[in-house]
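**Student:** pasting a predicted model and its sequence here:
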Amino acid sequence: MPTVIHPTAVVEAGAELGADVEIGPLCYVGAGVRLGDRTRLHHHASVEGNTHLGEACEIFPYACIGGKTQDMKFKGGNPGVRIGARNVFREYFTVHAATHDGAFTIVGDDNTFLASGHIAHDCVVGSHVVASNGVLLAGHVVVEDHVVLGGYGGVHQFCRIGAHAMLSATAKLVQDLPPYFIADGAPAVVRAFNKVGLERRGHTHEQIERVKTIFRILYRDGLNRSQALDKLAAHPDAATPEFARVLGFARTSERGLAPGS
């Protein structure tokens with residue numbers, strides 16, 4: 001179908017629309033926006049600022065994508081938002097632009113963000129992420145691929161969440177959550193590894209057993225963090241993708257890894 005713009009929508013001059021875009025009643029699209037092919041804005045949705053969306057994204061009513069950062073350090077310029085393909089932003093979800101000129105808040109592909117959540121300035125969110133209602137990501141948070149964020153979970157500034165991890169509903173994460181693990185509580189602590197999630201994504205029995213071993217060494221063997229990482233690095237499976245992912249994540253952690261329960 002051709003691009004359809006409802007007569008009550010406002011699309012400013014300079015906005016770039018791909019093929020087959022649909023813009024519903026009372027929407028707003030700013031002058032610096034690019035909308036990818038087949039992107040749909042439901043009624044009252046807004047996309048503004050230096051914001052690019054990939055193909056087949058869907059923005060639900062009252063969501064606002066690309067608004068000015070809330071960071072008090074903002075000094076002007078043209079920071080923005082870069083969003084990949086096939087993302088869904090449900091009602092009242094907000095994504096804010098980066099703080100510094102030329103910087104971007106970044107979102108990957110195939111993510112689903114449920115109602116009333118927020119991605120703050122300078123966050124980097126990967127692909128295949130599911131964020132339940134009310135999830136709040138503070139500035140500079142990094143969320144890797146295949147992460148699940150439970151309803152009303154909150155993530156402190158500069159924290160990272162590793163691939164295939166899960167943050168439980170209403171949890172408050174103040175340190176880095178390593179790949180594959182589940183954290184819960186306020187402040188959040190690691191309670192288990194994400195066995196069900198890994199099974200659903202097609203991980204083999206051998207891969208899941210390696211993750212189980214990593215979990216035991218880090219969180220159940222009574223070792224301090226340095227001892228546990230040394231033991232992981234010396235393990236016969238240290239070169240496997242699972243061990244390498246966790247070791248690489250831990251070595252680059254600046255806030256420290258979330259503690260165990």
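**Tutor:** Good, I have the coordinates.
**Student:** from here on, just use CA atoms for contacts and neighbour counts.
**Tutor:** Will do.
**Student:** so which strand or helix has Gln227?
**Tutor:** Element membership for Gln227, per DSSP states H and E: helix 225-234.
**Student:** check which helices and strands that helix sits against.
**Tutor:** Under the contact criterion of 3 or more Cα pairs under 8 Å, 6 or more residues apart in numbering; DSSP states H and E, helix 225-234 touches helix 205-219, helix 241-251.
**Student:** is it true that Val196 lies in a helix?
**Tutor:** Yes - according to DSSP: H, G, I helix; E, B strand; the rest coil, Val196 belongs to a helix.
**Student:** number of nearby residues for it?
**Tutor:** 10 (other Cα atoms under 10 Å).
**Student:** again with the one 5 residues further on
**Tutor:** Residues lying near Arg201 (other Cα under 10 Å) number 10.
**Student:** can you give me phi and psi for it?
**Tutor:** phi -90, psi 10 (degrees, to the nearest 10).
**Student:** test my guess that Ala13 contacts Ala31.
**Tutor:** Yes - the pair Ala13 / Ala31 is scored as a contact, 5.6 Å apart, by Cα atoms under 8 Å.
**Student:** which of these two has more neighbours?
**Tutor:** Neighbour totals were compared for Ala13 and Ala31, and Ala31 leads with 17 against 11 (other Cα under 10 Å).
**Student:** shouldn't the more buried one be within a helix?
**Tutor:** No - assignment of Ala31 by three-state DSSP gives coil, placing it outside any helix.
**Student:** quick check, it in contact with Ser46.
**Tutor:** No - with contacts counted by Cα under 8 Å, Ala31 stays clear of Ser46, the gap being 11.9 Å.
**Student:** what is the burial count for the nearest residue to Tyr219 once chain neighbours are set aside?
**Tutor:** Leaving aside its sequence neighbours, Tyr219 sits nearest to Gly260 (Cα to Cα, 6 or more residues apart in numbering; 5.5 Å). The local packing of Gly260 (other Cα under 10 Å) involves 14 other residues.
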